[in-house]
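Participant: got a structure for you, letters missing:
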Ligand SMILES: Cc1cc2nc3c(=O)[nH]c(=O)nc-3n(C[C@H](O)[C@H](O)[C@H](O)COP(=O)(O)O)c2cc1C
């Protein structure tokens, strides 16, 4: 055993997983009444290339979680280094995340965050509960990438990715 304790509390879980550096994304959707919803996530993971699948883990009972599973559609907006304010806006519980925000429209009028580092437009392939979250697997229908730098998240803080000029790993392209 590496650790010293037999049980893991939520604070230890969040703190330890917070050492896994990630990007930051906002998942957006439009519910069946046409109301836009969105929330900030860092649980985004690529699942499969053929077919193209990704997943996000969304807290059970959040408005965006219900809107995504019921509408069956969402957009993943991967945020740029200049969009920390967007990450904070879409992480505030219970607020109208879209108030005063200009959005663009993706497929089926799903709102998207303008000037994001990348967009992936998805249909819900599967969704299932796991603990206190819903794992949503998305089938990617469209992708779009932009120039710029990504927003990073590590140990509970936003940050920048420093490019030290390493060669890409051989299998990447
Ligand atoms: C950097 C960051 C990453 C987050 N990642 C997730 C996540 O992956 N899944 C999740 O359910 N909530 C995540 N949250 C919290 C949600 O953004 C927040 O609870 C949400 O906006 C609440 O939305 P609601 O008003 O629809 O309930 C994250 C927050 C931040 C700041």
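Facilitator: It's in. This is a predicted model, so every value here is computed, not measured.
Participant: drop to CA atoms for contacts and neighbour counts, all remaining ones
Facilitator: Noted.
Participant: Direction included, what does the helix or strand bottoming out on mean pLDDT in the chain pair against?
Facilitator: When each helix and strand of the chain is scored by mean pLDDT, DSSP states H and E, strand 104-105 comes last, with a mean of 92. Paired neighbours of strand 104-105 in the sheet (DSSP bridges): strand 111-112 (antiparallel).
Participant: mean confidence score for the partner strand?
Facilitator: The average pLDDT within strand 111-112 is 96.
Participant: before we move on, what about stretch 83-96?
Facilitator: Mean predicted confidence for stretch 83-96 is 93.
Participant: Could you pull out the buried residues of it?
Facilitator: 83, 86, 87, 89, 90, 91 (16 or more other Cα atoms under 10 Å).
Participant: again, but for stretch 14-33
Facilitator: 21, 22, 23, 24, 25, 26, 27, 28, 29, 30, 31.
Participant: Pull the residues that contact stretch 87-103.
Facilitator: 24-26, 36-40, 79, 111-114 (Cα atoms under 8 Å, 6 or more residues apart in numbering).
Participant: biggest separation within those residues, which pair?
Facilitator: Within these, 24 and 36 form the most distant pair, 19.6 Å apart (Cα to Cα).
Participant: what bits of this protein have low per-residue confidence?
Facilitator: 1, 3-6 (pLDDT under 70).
Participant: Would you mind listing what in it touches the ligand?
Facilitator: Where the chain comes near the ligand, counting by Cα under 6 Å from any ligand atom, the residues are 24, 39-43, 57-59, 62-64, 88, 90-95.
Participant: let's go with 8 Å and repeat that
Facilitator: 24-26, 37-44, 56-65, 87-97, 133, 153, 156-158 (Cα under 8 Å from any ligand atom).
Participant: Among those, which lie within helices?
Facilitator: Secondary structure of the residues of the chain next to the ligand is defined by DSSP state H; positions in helices are 63, 64, 65, 87, 88, 89.
Participant: and the two most separated of those residues?
Facilitator: Maximum distance among these (Cα to Cα): 17.8 Å, for 65 and 88.
Participant: Now the terminal residues of stretch 95-105, how far apart.
Facilitator: From its first residue to its last, stretch 95-105 covers 21 Å (Cα to Cα, to the nearest Å).
Participant: What residues of that stretch count as buried?
Facilitator: In stretch 95-105, counting by 16+ other Cα under 10 Å, buried: 97, 98.
Participant: Fine by me, thanks again.
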